[in-house]
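Novice: coords please:
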Amino acid sequence: MATLADVARRAGVSPATASRVINGSSKPVADELRERVLRAVADLRYVPNAHAQLLARPQRSVVGVVVHDVSDPYFAEVTRGLQRVATDRGRLVIICNSYRDPERELEYVEMLRGQQVAAIVLAGSGYHDPDFTARLTEKLAAYEATGGRVAVIGRHEHPGDAVMPANADGARRLGAELRRLGHHRVGVIAGPRELTTTSDRLAGVAEGLGAALPAERVRYADFTRDGGARAADELLAAVPGLTALAALNDSMAVGALTLLRARGVRVPEEVSVVGFDDMPVAADVTPALTTVRLPLVELGARAMTLALEPAVGRPRVEVLPAELVRRDSLGPAPA
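Specialist: Numbering: from 1, shown residues only. Here you go, the predicted structure:
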């Protein structure tokens, strides 16, 4: 494998000049010398050392993103926005899946700090865990002290730039629509109990319904299709006479629809089903899913934009609005 010294020797220049051309240094190099170096690179099929390039460049070129699971449709859409902005600005994105494991999230932050990335974006929900929050804040503060930038998506306790989806407001709109249509016996399929996203959406639904939700009408589950089906099964068994199921994301709502269809329960004539996020599948299922639309791609784009901008001395918090999308899965409560 060719080395930098081989390229310099082939081009008839010093290793320092070859390095400046290959690593994109801001120091000027004569056009004739630049052409000779690039021709030598091509002839020798030279592959630059990524770590050496990182150290040589005046600007860090890599950003790190920590998500719960990029295969989840929610995070796939958010990641599209993150990558779009990073690509436009010439940055490489490292995606880290924590799979909702707080310890793994801490490890990724430490690893990204060691890689000297330009910025870290935390794209998953915050946790109701004071010990974890304190440890994460300590690690992020140490990273920021070296010049790194941090931005988060969602409600985190870390003091810094954040882009917030209007989870509580969107859920309040959903609950109010259920109440308007006469639904007073509503079961809620909630996400993992430890996530701030779950608690924010759950509080919003209760506010929209105009009443506290009894514990027997709430089931906590994974934000997955199977989790939604299991939670729907438990709710229907525990609370007879439910007229609606409100799932706090669309994947769980699809699971509830599948369970009801298997049981021969008509939607929405007997039981209505609503979701949250407005994933592409929400419009494709039968009946099409009433849900809350969040600008997921824009969430990612705004978070990456904040992360790549210089700090301004105070935290910047942007809240992106939610929109109720009415479709066929929600109807009036049966008499």
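Novice: now the strands for this structure?
Specialist: 62-67, 92-97, 119-122, 149-153, 161-165, 186-190, 218-220, 244-247, 272-274, 291-293, 317-320, 323-325 (DSSP state E).
Novice: starting at the chain centroid, how far to stretch 36-48?
Specialist: 39 Å (CA atoms, centre = their mean, to the nearest Å).
Novice: That one: which residues count as buried?
Specialist: Using 16 or more other CB atoms under 10 Å as the test for burial, stretch 36-48 gives 36, 37, 38, 40, 41, 44, 46. Where C-beta positions appear, they are placed from N, C-alpha and C, glycine not excepted.
Novice: quick one: the helices in the chain?
Specialist: For the chain, the helices defined by DSSP state H occupy 4-11, 15-22, 31-44, 50-56, 73-88, 102-114, 130-145, 167-180, 196-209, 225-238, 250-262, 296-308.
Novice: which stretch in those has the least confidence?
Specialist: The minimum mean pLDDT among those belongs to helix 50-56 (a mean of 53).
Novice: Could you report the distance from the closest residue to residue 195 other than its chain neighbours to residue 248?
Specialist: In space, and not counting its chain neighbours, residue 195 is closest to residue 125: 4.2 Å by CB to CB, 6 or more residues apart in numbering. From residue 125 across to residue 248, the span is 11 Å (CB to CB, to the nearest Å).
Novice: between those two, which one's more packed in?
Specialist: Comparing residue 125 with residue 248 by other CB atoms under 10 Å, the one with more neighbours is residue 248, at 32 against 26.
Novice: Contacts only, for that one.
Specialist: 171, 188, 189, 190, 191, 197, 198, 201, 202, 205, 223, 276 (CB atoms under 8 Å, 6 or more residues apart in numbering).
Novice: Name the nearest residue to the first one, sequence neighbours excluded.
Specialist: Spelled out, it's residue 171. Nearest to residue 171 is residue 204, by CB to CB, 6+ apart, at 2.8 Å.
Novice: got a list of what residue 222 touches?
Specialist: Listed by CB under 8 Å, 6+ apart, the contact set of residue 222 reads 191, 192.
Novice: and with 7 Å instead?
Specialist: Residues near residue 222 by CB atoms under 7 Å, 6 or more residues apart in numbering: residue 192.
Novice: Now it. Its backbone dihedrals?
Specialist: Phi and psi for residue 222, reported as degrees, to the nearest 10, are phi -70, psi 150.
Novice: Next one: it from residue 135, what distance?
Specialist: Residue 222 sits 24 Å away from residue 135, going by CB to CB.
Novice: cool, and residue 176?
Specialist: Applying CB to CB to residue 176 and residue 135 gives a distance of 39 Å.
Novice: again with residue 217
Specialist: Taken as CB to CB, the span from residue 217 to residue 135 is 35 Å.
Novice: now do residue 177
Specialist: Counting by CB to CB, the gap from residue 177 to residue 135 is 40 Å.
Novice: Between those two, which is the more surrounded one?
Specialist: Neighbours were counted for residue 177 and for residue 135 using other CB under 10 Å; residue 177 has more, 20 against 16.
Novice: tell me the domain ranges of this structure?
Specialist: For the chain, automatic domain parsing gives the domain ranges 4-56, 62-165+296-321, 167-294.
Novice: Among those, show me which one is buried the most.
Specialist: Mean neighbours per residue, mean count of other CB atoms under 10 Å, is largest over these for domain 167-294, with a mean of 20.
Novice: quick one: that one to chain centroid distance?
Specialist: That offset, for domain 167-294, works out to 21 Å (CA atoms, centre = their mean).
Novice: that older thread, out of the domains of the chain, flag the one nearest residue 333.
Specialist: Taking CB to CB, domain 167-294 is the member of those nearest to residue 333, at 3.8 Å.
Novice: first to last residue in the closest one, what's the distance?
Specialist: 8 Å (CA to CA, to the nearest Å).
Novice: Stretch 233-253 now?
Specialist: 12 Å.
Novice: cool, stretch 66-76 as well?
Specialist: Using CA to CA, the two ends of stretch 66-76 sit 12 Å apart.
Novice: Check stretch 307-325 too.
Specialist: Start-to-end, stretch 307-325 (CA to CA) is 31 Å.
Novice: from here on, count from 643
Specialist: I'll keep to 643 as the first residue from here, and by that count the last item is stretch 949-967.
Novice: Contacts for that stretch, please.
Specialist: So stretch 949-967 is in contact with 705, 731, 761, 763, 791-793, 801-808, 811-812, 815-816, 819, 920, 932-937, 940-941, 944, 948, going by CB under 7 Å, 6+ apart.
Novice: Tell me how far the residue nearest to residue 837 lies from residue 842.
Specialist: 9 Å.
Novice: now residue 912
Specialist: For residue 912 relative to residue 842 (CB to CB), the value is 30 Å.
Novice: just residue 890 next, same as before
Specialist: Counting by CB to CB - residue 890 and residue 842 are separated by 9 Å.
Novice: Please apply the same query to residue 790.
Specialist: 28 Å.
Novice: Residue 881 now?
Specialist: 23 Å.
Novice: likewise residue 645?
Specialist: Distance from residue 645 to residue 842, by CB to CB: 55 Å.
Novice: do the same with residue 868
Specialist: 23 Å.
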